[in-house]
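Q: The following comprises the amino acid sequence and a computationally predicted model.
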Amino acid sequence: MPSQHPEEVGYGHVVESYVTRMYGGLPRYLVLNGGRFLGPRWWHTTRFTRHLLNDAAAITDEELEALLGYEWRSRLTAAWLIGIDRRERFRAHIGDLLLASEVCYSGSAYCFALARFGTHADAEILTAYLDRYLPRTDLRYDQPAALGALLRLDAHLDTHHADRFTQPGGLWDQWVNALTHLRDHPAYTPRRAAPLDEPPLRLRQQLVPFLSVRWRSWGEGGMQNLTTQLASRHFRSGTRTWRGQLGAKTLLFGHAVPIRC
């Protein structure tokens, strides 16, 4: 897919407005890619999260299209904003970008967006990606993120799409074992994600703003806890955390209640 600078389509402002906005000396895309805002000890977590929510709600589809048509930083940021706001109209575009895997780093954000959409169609896209790229043991792309997202969807939909990949000696084991130092490493041992806990459901009923993608950590099977580990100080900004039975905190934020800047 050809890359085109947003300026060429009349949206030159989107990179500065949404991608390179600075937080503690770091641009947004780096914070998203590294997950720094998921940790409670980063001073800028509350401000970063609040702005991310607001931008996800405010950005137009045309601005998102302009970002998705550019390089990896813009695509990564756009996919996060699409996932947070659950703009399912971008499913096909996100799926095409994931399957093409033309640029680095943005693939995990595509997987996040598909997991947020939470439908069988999204599971099919992730399955197609794993069918294409797990046999490629020479490529270390976004296979862990895709499998983690698929495990999350299986838990949400009560399906078993990931089973054929994770069975002993299956495609996942073959992909992991292609590198000797990854064999039997706990970080590459996938586990089925748990269903959504009762407290987040109760928060939903109370119209508390939240986004919940409750997966285990990167160190336990891929992208299964990408949106976790926010500090309790988020109560001040209208966002909340829930410590689930697995010992992992879950990011709970969304747009059910307006969040002020």
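A: It's in.
Q: Any figure for the gap between the closest residue to Asp142 other than its chain neighbours and Gly169?
A: Spatial nearest neighbour of Asp142, excluding adjacent residues (CB to CB, 6 or more residues apart in numbering): Gly107 at 3.1 Å. Backbone N, C-alpha and C define where each C-beta goes, glycine included. To Gly169, Gly107 is 26 Å away according to CB to CB, to the nearest Å.
Q: Same drill for the two, tell me which one is more crowded.
A: Between Gly107 and Gly169, counted using other CB atoms under 10 Å, Gly107 has the larger neighbour count: 27 against 8.
Q: what comes into contact with stretch 8-23?
A: 5-6, 27-29, 31, 37, 44, 47-48, 51, 55, 59, 62-63, 66-67, 69-70, 73-74, 77-78, 81 (CB atoms under 8 Å, 6 or more residues apart in numbering).
Q: Buried only: go through the residues you listed for me.
A: Among the contacts of stretch 8-23, those buried by neighbour count (16 or more other CB atoms under 10 Å) are 6, 27-29, 31, 37, 44, 48, 51, 55, 59, 63, 66-67, 69-70, 73-74, 77-78, 81.
Q: Helices - which of these land there?
A: The helices, defined by DSSP state H, take in 28-29, 31, 48, 51, 55, 63, 66-67, 73-74, 77-78, 81 from these.
Q: would you turn these into JSON lines with pLDDT?
A: Below are these laid out as JSON lines (pLDDT from 0 to 100):
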{"residue": "Arg28", "pLDDT": "96"}
{"residue": "Tyr29", "pLDDT": "96"}
{"residue": "Val31", "pLDDT": "94"}
{"residue": "Phe48", "pLDDT": "94"}
{"residue": "His51", "pLDDT": "95"}
{"residue": "Asp55", "pLDDT": "97"}
{"residue": "Glu63", "pLDDT": "98"}
{"residue": "Ala66", "pLDDT": "97"}
{"residue": "Leu67", "pLDDT": "98"}
{"residue": "Arg73", "pLDDT": "97"}
{"residue": "Ser74", "pLDDT": "97"}
{"residue": "Thr77", "pLDDT": "98"}
{"residue": "Ala78", "pLDDT": "98"}
{"residue": "Leu81", "pLDDT": "98"}
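Q: the strands in the stretch 1-150 of the chain, which residues?
A: Using DSSP state E, counting those that start in this stretch, the strands of the stretch 1-150 of the chain run over 22-23, 26-27.
Q: okay, these, which one's buried deepest?
A: strand 26-27 (a mean of 18; mean count of other CB atoms under 10 Å).
Q: Okay, now the sheet partners of that one, with direction.
A: Take DSSP bridges as the rule and strand 26-27 pairs in its sheet with strand 22-23 (antiparallel).
Q: so where's this protein uncertain?
A: Applying pLDDT under 70 to the chain flags residues 1, 181-184, 186-261.
Q: Do a quick rundown of the helices in it.
A: 14, 28-34, 45-58, 61-68, 72-85, 91-100, 107-117, 120-133, 143-157, 163-166, 171-177, 198-205.
Q: tilt between the fourth one and helix 107-117?
A: Same thing as helix 61-68. Using axes from the mean of the first three to the mean of the last three CA atoms, to 10 degrees, the direction of helix 61-68 lies 150 degrees away from that of helix 107-117.
Q: same thing with the longest one?
A: Helix 143-157 and helix 107-117 are oriented at 0 degrees to each other (the same axes, to 10 degrees).
Q: and helix 143-157, what other elements does it pack with?
A: helix 107-117, helix 120-133, helix 163-166, helix 171-177 (3 or more CB pairs under 8 Å, 6 or more residues apart in numbering; DSSP states H and E).
Q: next one: the second one
A: The criterion is 3+ CB pairs under 8 Å, 6+ apart, and the helices and strands that helix 28-34 contacts are helix 45-58, helix 72-85.
Q: ok, back up a step: switch the strands of the stretch 1-150 of the chain over to JSON lines; also include distance to His13.
A: Conversion of those to JSON lines gives the following (distance: least, CB to CB, whole Å):
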{"stretch": "strand 22-23", "distance to His13": "16"}
{"stretch": "strand 26-27", "distance to His13": "15"}
